[in-house]
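Colleague: Any chance you can model this:
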Amino acid sequence: MLSGGRRACAVVLLVGSLGVAGCGQEDPGAAQESTSEAPTPSQTPSTYTPPELDRTELDANLAALSQEDRSLVDHYTDGHRSGAFDEGTWIVAAPLTVAEARERLLGPGAQPASEAELRRMRFDESAYAFLQVGDGVVAWEDTGFADPPARVLAALSEGGGVSAVATDNVEAMTRFGYARDGEVVFDAVEYAFVDSLDEIPPEVSDLARLAWSDPSGPMVETAGWAAVAQAMSEKVTGVRAAPAVRDVADRYAVQVPWAELEDS
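Modeller: Numbers count the residues shown, from 1 in each chain. Okay, the predicted model is just below:
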């Protein structure tokens, strides 16, 4: 189960840091004030400063990581800060070729969309690009809402492989899931808000702990949800998500949302 209230508090802090007052509602008094009196040059606009959260636990969890895990989370944290990893759906799987990944993800006979089709795409459409990385594949789309259903995630791992998915989108919903040899091992739409770390497989729980929000404890600083999801994805598959996939010309259309429509 997800701790919805917990996530809501975290998102409120994020919204507050952007200077938005309230949840899409306008203060009538503020509106009346703004129309009746124009601001003067001497007035200073009010700003919201989010509370500083304690990072003692995060620092301790980072220090306790193995050298390999610390390298993974540092790589993806730095990548998100630099903009190398934008919002979107990041799928990694191995051993697999691009042709195999494309057929398992999209079905047989999928054809790349034309430039005109890509330009005409509506809000309920997106497109995947594929890139071979060693003996594995990276697939990416840019909305974070066209992530594959659980059955497709499982299919990407058939035949002794491993597949993983990590999402990041404008609604701050971060899914992490992975499958091994045709079976889903773990999959949560908002993995950082599961009720207990016991729900997360031990092989990735040390990394997941960095992003997890304890529903029974105080709000504290956590690592980036998307960065940790990608670090876990690489750990289980051995495939490093390559930003170069965003430069691949061939894109294959899919519906948005995808997993939500099928798995909900």
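
Colleague: And the next helix or strand past the longest helix anywhere in the chain?
Modeller: Using DSSP state H, we find that the single longest helix of the chain is helix 67-82. Once the chain leaves helix 67-82, the next helix or strand it forms, by DSSP states H and E, is strand 88-94.

Colleague: Walk me through which strands that following strand pairs with, and which way each runs.
Modeller: Using DSSP bridges, strand 88-94 pairs in its sheet with strand 136-141 (antiparallel), strand 162-168 (antiparallel).

Colleague: Mind listing residues that contact the helix or strand just after the first one?
Modeller: This points to strand 136-141. Using DSSP H and E, the helix or strand that directly follows strand 136-141 along the chain is helix 150-155. By Cβ atoms under 8 Å, 6 or more residues apart in numbering, the surrounding residues in contact with helix 150-155 are 91, 104-105, 163-165, 177-179, 182-184, 187, 259, 262-263. Where C-beta positions appear, they are placed from N, C-alpha and C, glycine not excepted.

Colleague: out of these, who has the most neighbours?
Modeller: Within the contacts of helix 150-155, Ser163 tops the neighbour count with 34 neighbours, counted by other Cβ atoms under 10 Å.

Colleague: Quick check: that one touching Glu100?
Modeller: No: with contact defined as Cβ atoms under 8 Å, Ser163 does not reach Glu100; the gap is 11.2 Å.

Colleague: how deep is the closest residue to Phe123 other than its chain neighbours tucked in, by neighbour count?
Modeller: Sequence neighbours aside, Val256 is the residue nearest to Phe123 in space, at 7.2 Å (criterion: Cβ to Cβ, 6 or more residues apart in numbering). The tally of other residues near Val256 (other Cβ under 10 Å) stands at 20.

Colleague: For the stretch 151-264 of the chain, just list every one of the helices.
Modeller: Listed in chain order, the helices of the stretch 151-264 of the chain (DSSP state H, counting those that start in this stretch) span residues 202-211, 225-237, 259-263.

Colleague: pLDDT of the longest one, averaged?
Modeller: For helix 225-237, the per-residue pLDDT values average out at 98.

Colleague: for it, packing partners?
Modeller: When contacts are defined as 3 or more Cβ pairs under 8 Å, 6 or more residues apart in numbering; DSSP states H and E, helix 225-237 packs onto helix 67-82, strand 88-94, strand 162-168, strand 176-180, helix 202-211.

Colleague: Figure out which of the helices of the stretch 151-264 of the chain is closest to Met219.
Modeller: helix 202-211 (13.3 Å; Cβ to Cβ).

Colleague: I'd like the strands paired with strand 88-94 laid out as a markdown table, including mean pLDDT and distance to Ser213.
Modeller: A markdown table is the format used below for those (pLDDT from 0 to 100; distance: least, Cβ to Cβ, whole Å):
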| stretch | mean pLDDT | distance to Ser213 |
| --- | --- | --- |
| strand 136-141 | 98 | 27 |
| strand 162-168 | 97 | 17 |
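
Colleague: got those as TSV, with distance to Ala211 columns?
Modeller: As requested, the strands paired with strand 88-94 are exported to TSV (distance: least, Cβ to Cβ, whole Å):
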stretch	distance to Ala211
strand 136-141	21
strand 162-168	11
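
Colleague: Of these, which is nearest Leu62?
Modeller: Nearest of the strands paired with strand 88-94 to Leu62, taken as Cβ to Cβ: strand 162-168 at 19.3 Å.

Colleague: Now do the closest one and helix 225-237, the angle between them.
Modeller: In terms of direction (axes from the mean of the first three to the mean of the last three Cα atoms, to 10 degrees), strand 162-168 departs from helix 225-237 by 170 degrees.

Colleague: can you list contacts of stretch 201-214?
Modeller: Counting by Cβ under 8 Å, 6+ apart, residues outside stretch 201-214 touching it are 3, 6-7, 10, 58, 61-62, 64-66, 69, 72-73, 174, 176, 185-186, 191-194, 197, 200, 219, 222-225, 228-229, 231-232, 235-236.

Colleague: May I have it exported as CSV, CA atoms only?
Modeller: Taking C-alpha atoms only, stretch 201-214 is exported to CSV below (Å, rounded to 0.1, in the frame of the first residue of the first chain):
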residue,chain,number,x,y,z
PRO,A,201,13.5,-6.9,-2.1
PRO,A,202,16.7,-7.0,0.0
GLU,A,203,19.0,-6.7,-3.1
VAL,A,204,17.9,-3.1,-3.6
SER,A,205,16.6,-2.1,-0.2
ASP,A,206,19.8,-0.3,0.8
LEU,A,207,19.4,2.0,-2.1
ALA,A,208,15.6,2.3,-1.7
ARG,A,209,16.2,3.4,1.9
LEU,A,210,17.7,6.6,0.6
ALA,A,211,14.5,7.7,-0.9
TRP,A,212,11.9,6.1,1.4
SER,A,213,9.6,8.2,3.6
ASP,A,214,8.8,6.4,6.8
